[in-house]
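# just coords:
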């Protein structure tokens with residue numbers, strides 16, 4: 001997979017930007033749009049994910065180290081840190097944490113119930 005090939009290049013960082021749009025909760029309410037930026041560095045064994053609203057204001061951010069350590073930051077609060085196994089994509093989907101999913105073929109296969117060969 002291309003994602004794995006790029007992730008193996010320890011001399012560079014990977015940056016991805018994608019957008020999530022959620023339908024309004026009430027009838028006639030406009031959709032909510034979020035921009036998600038993901039930075040991954042193989043040499044630093046670090047991934048940082050930031051979510052911004054329509055006004056480019058930070059909504060939530062997360063950094064994950066290779067050891068599973070995770071720090072979550074939301075504006076107006078202190079960073080919360082934990083060490084946990086990364087949940088499967090299907091679990092994140094059920095929890096409504098779409099912003100934590102990577103836009104990759106591997107994740108798509110997992111949430112559709114398929115496995116990589």
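Yep, that arrived. A quick note: this is a predicted structure, and the numbers were derived from the prediction, not measured. Numbering: from 1, shown residues only.

# For the most centrally placed residue in the chain, which non-adjacent residue is spatially closest?
Centroid check for the chain by Cα atoms, centre = their mean gives residue 100 as the closest residue, at 2.9 Å. The spatially closest residue to residue 100, leaving aside those adjacent along the chain, is residue 92, at 5.0 Å (Cβ to Cβ, 6 or more residues apart in numbering). Every C-beta, even on glycine, is put in place using the N, C-alpha and C of the backbone.

# Need the residues that contact the helix or strand hosting that neighbour.
Following DSSP states H and E, one finds residue 92 within helix 89-95. With contacts defined as Cβ atoms under 8 Å, 6 or more residues apart in numbering, helix 89-95 is touched by 87, 98, 100-102, 107, 110-111, 113.

# JSON lines please, covering these and showing distance to residue 31, secondary structure and pLDDT.
Formatted as JSON lines, those follow (distance: Cβ to Cβ, whole Å; DSSP: H, G, I helix; E, B strand; the rest coil; pLDDT from 0 to 100):
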{"residue": "87", "distance to residue 31": "26", "secondary structure": "coil", "pLDDT": "77"}
{"residue": "98", "distance to residue 31": "14", "secondary structure": "helix", "pLDDT": "80"}
{"residue": "100", "distance to residue 31": "20", "secondary structure": "helix", "pLDDT": "83"}
{"residue": "101", "distance to residue 31": "18", "secondary structure": "coil", "pLDDT": "82"}
{"residue": "102", "distance to residue 31": "22", "secondary structure": "coil", "pLDDT": "80"}
{"residue": "107", "distance to residue 31": "22", "secondary structure": "helix", "pLDDT": "82"}
{"residue": "110", "distance to residue 31": "26", "secondary structure": "helix", "pLDDT": "81"}
{"residue": "111", "distance to residue 31": "21", "secondary structure": "helix", "pLDDT": "81"}
{"residue": "113", "distance to residue 31": "27", "secondary structure": "coil", "pLDDT": "80"}
